[in-house]
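J.: predicted model follows, preceded by the sequence.
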Amino acid sequence: MAANLYYLATNQEKQDKLREEMRQYLPKKDSPVTKEILSEVPYLKATIKETLRMAPIAVGNLRTTIQDMVLSGYQIPKGVST
């Protein structure tokens, strides 16, 4: 979330576009945020997806072998995380 706020803070045009979308769906300060509203805010979803693309929360994909195998001449036993 911090990365999303940072990217929005450094791009005023995108911040304004998101603010307008949110004002459309949440017109009052105390308007409830519901799952129905969250399913209808495309620009918010886009900013979150773009933030995750630019600053992923994981550095890689961890995979676990399900059987013994040989990769490039190396014996990899079952159950090893790579």
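T.: Received it, and whenever you're ready, just let me know what you need. Numbering: from 1, shown residues only.

J.: and for the nearest residue to residue 51 once chain neighbours are set aside, the neighbour number?
T.: Of all residues beyond its chain neighbours, the one nearest residue 51 is residue 4 (4.3 Å), with distances taken as Cβ to Cβ, 6 or more residues apart in numbering. (Each C-beta comes from the backbone N, C-alpha and C, glycine too.) Neighbour count for residue 4, taken as other Cβ atoms under 10 Å: 17.

J.: counting contacts, what elements does the helix or strand hosting residue 4 pack onto?
T.: Under the criterion DSSP states H and E, the helix or strand holding residue 4 is helix 2-9. Helix 2-9 makes packing contacts with helix 12-25, helix 42-54 when contacts are defined by 3 or more Cβ pairs under 8 Å, 6 or more residues apart in numbering; DSSP states H and E.

J.: the most centrally placed residue in the chain and residue 21: what is the separation?
T.: Averaging the C-alpha coordinates of the chain gives a centre point, and the residue nearest to it by Cα atoms, centre = their mean is residue 52 (3.7 Å). When distances are taken as Cβ to Cβ, to the nearest Å, residue 52 and residue 21 turn out to be 19 Å apart.

J.: ok, back up a step: export the helix holding residue 4 to CSV, keeping only CA atoms.
T.: Presented in CSV, the C-alpha positions along helix 2-9 are these (Å, rounded to 0.1, in the frame of the first residue of the first chain):
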residue,chain,number,x,y,z
ALA,A,2,2.9,2.3,0.8
ALA,A,3,4.3,1.8,-2.7
ASN,A,4,0.9,2.6,-4.2
LEU,A,5,0.6,5.8,-2.2
TYR,A,6,4.2,6.7,-3.3
TYR,A,7,3.5,6.2,-7.0
LEU,A,8,0.3,8.2,-6.7
ALA,A,9,2.0,11.0,-4.8
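
J.: can you list contacts of it?
T.: Taking contacts as Cβ atoms under 8 Å, 6 or more residues apart in numbering, the residues outside helix 2-9 that touch it are 14-15, 18, 47-48, 50-51, 54-55.
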